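Kindly return the folded structure for what I paste below:
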Amino acid sequence: MAELERINLVITGHVDHGKSTSLGHLLFLLGQVHDPKRNREPWRILQQYFVGARNEGMASWSYAWVLDPLIEERKRGLTINISHTEFKSSKYIFNLIDAPGHSDFVKNMITGASQADAAILMVSARKGEFEDGLKSTGTGSGKYQNVIGMTLEHMLLLSALGITDVVVGINKMDTVNWEQKRYETIKKQISGTFLTLLKAMNVENAEEKVKNMKFVPMSGLLGINLLPKDMTIKNLQNHIEAAKAGKGDAEFIQQLEEELKIVQEQWPDWYDGPSLLEGLDQLPSPAAKQQELMKKPLRIPIQSVLNISGVGTVLTGRVASGVLKPDMTVAISPTKKGIQPIEVTVKSIQEFHKDIPQAVPGDNIGFNIRAKNVGAKDILKGAVVSSPDDPVSALTPEVDAFQGFVLVIRSLSKAKKGKGKAWSFHVGYTPVLHIGTAQVACRVTEIRSLDGKELGELKQNQRGMVWFTPTQPICVEELSKTPQLGRFAIRDSGKTVAVGIVDKVERGRYKK
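Below you'll find the model as predicted:
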């Protein structure tokens, strides 16, 4: 049997819209809940979480707790592998990257999404929660009234990072009695917003890409429409039988039986589209794109730098283009020694803790390097590994510059009566740009309209051509050459304020 193709999948969405519960429940229904310590049946693992959550008065959180061991692993930073877990369908192996939904953790979301081929956007259908997810100024209601809308934020960032293969889970449909009109309203609003963003980012065939997005009405808590109905019922029955045979906790078994009854009674008869799993299986294969990217020069934005005892310096990242093999000589820029690319030798390459003969675009890898007078302390996160015959050289701060097509998404504040203007995107402004895996403050030096007219500022929802110069070395390339180094998000004060694409790079533009 041929090995299944892998897809790097990031799950995004607003805080409390059900990402962890839905994916944890999906893994359980598939029978792919993994025990990091012992090889136990899936029902026994979930029963442990159910009992633990029940004892803390949080029984409904047991499915979310399926992902907890992964979260703790991430906090401890014990693994090179940035994909937090994997699960299999009949078509793909999905490397699941769980992106935090709270606004405080958007930097982690950007890092995760930069490693992904495709995304799940989880959207709550509950009245008020969906609307809060689209708030742009932190005016949400209830306990999240000071949290900006992460549904909108994550849509912005997915668009800026070029991730257009998206499955939208319209979750918590049980809270609106599976109302088809609510589903259609949410689908229309999310589709329209994505279309506007993709067009603004000059994404080719934007209408077709939005048309191909799957919208799945579901309940992650109840287990409805995560898998096909027949498969859901069969798998639940198998778990119940196994739990009874294993003399499982009575309340836990009762919960599974109640879930089975709800699944049989509440499944929406008006919906004839794919389940969440089927929607994921309909994502396009990365293989065709991968073949084209393999022909391009090597580019690997560095995610992390490790110094492992007995091994040496290990770099991690996702291959953006080209092919990496052991014993190859590659170039790295920037380093603490300067912006000029430094050549190092690749000793070995690992993926999922196994040595591999080569790494190709889309692979999330760790690779051991050997170099004279260059160690882990000299290499910066955000640096880029490239081909020595076509190296990426970082821009020199306040000397080199790049021009970007920029769409301003939001203002940072509102004008107060009699107290000046609202915030605008202006010459001299120095926000943080996220490009590849780098996060560097860049100063706005010039702004022009799309027809070339010189401007002093851009306001919310306006577009323009903007020249930037970095305050620290950063690797940037035109979008047409390396998409991962040619798309950027601009953030300030915990918010994404603009997105853009690199149109031109000019060395020495501001050289005195």
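
my read: M218 touches N171, true?
Yes. Between M218 and N171 there is a contact under CB atoms under 8 Å: 5.7 Å. For the C-beta atoms, the positions are set from N, CA and C on the backbone; glycine is no exception.

which residues are in contact with both of the two?
S22 (CB atoms under 8 Å, 6 or more residues apart in numbering).

Alpha carbons of the helix or strand harbouring L46, in PDB - could you do that?
Counting by DSSP states H and E, the element that carries L46 is helix 42-55. Only the C-alpha atoms of helix 42-55 are listed here, as PDB (Å, rounded to 0.1, in the frame of the first residue of the first chain):
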ATOM      1  CA  PRO A  42      -8.900   5.400  22.700                       C
ATOM      2  CA  TRP A  43     -11.900   5.100  25.000                       C
ATOM      3  CA  ARG A  44      -9.600   4.500  28.100                       C
ATOM      4  CA  ILE A  45      -7.700   7.700  27.300                       C
ATOM      5  CA  LEU A  46     -10.800   9.800  26.800                       C
ATOM      6  CA  GLN A  47     -12.300   8.300  30.000                       C
ATOM      7  CA  GLN A  48      -9.300   9.500  31.900                       C
ATOM      8  CA  TYR A  49      -9.900  13.000  30.600                       C
ATOM      9  CA  PHE A  50     -13.600  12.800  31.300                       C
ATOM     10  CA  VAL A  51     -13.100  11.700  34.900                       C
ATOM     11  CA  GLY A  52     -10.400  14.400  35.400                       C
ATOM     12  CA  ALA A  53     -12.600  17.100  33.900                       C
ATOM     13  CA  ARG A  54     -15.600  15.900  35.800                       C
ATOM     14  CA  ASN A  55     -13.800  16.100  39.100                       C
END
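
roughly how far is that helix from the heart of the chain?
With CA atoms, centre = their mean, to the nearest Å as the basis, helix 42-55 stands 29 Å off its chain's centre.

list the buried ones in that helix?
Buried positions in helix 42-55, judged by neighbour count with 16 or more other CB atoms under 10 Å: P42, W43, R44, I45, L46, Q47, Q48, Y49, F50, V51, A53, R54.

Widest-spaced pair of the residues you listed?
P42 and R54 (18.2 Å; CB to CB).

which residues in the stretch 51-200 of the chain form helices?
68-76, 106-113, 129-133, 150-160, 180-200 (DSSP state H, counting those that start in this stretch).

what's the answer for the stretch 251-400 of the chain, then?
According to DSSP H, counting those that start in this stretch, the helices that the stretch 251-400 of the chain contains are 276-281, 287-294.

what about the closest residue to S20 other than its chain neighbours, how many residues close to it?
Leaving aside its chain neighbours, S20 sits nearest to A64 (3.9 Å; criterion: CB to CB, 6 or more residues apart in numbering). Residues lying near A64 (other CB atoms under 10 Å) number 22.

right, and A64 touches H17 too?
No. Using CB under 8 Å, A64 makes no contact with H17, being 11.9 Å away.

re earlier: just tell me which of the helices of the stretch 251-400 of the chain ends up closest to T316.
helix 287-294 (19.0 Å).

and that closest one, average pLDDT?
Throughout helix 287-294, pLDDT has a mean value of 85.

Would you indicate which residues of it are buried?
Buried residues in helix 287-294 (16+ other CB under 10 Å): Q290, L293, M294.

Can you name the residues that contact the second one?
By CB under 8 Å, 6+ apart, the contact set of L293 is A320, S321, G322, V360, P361, G362.
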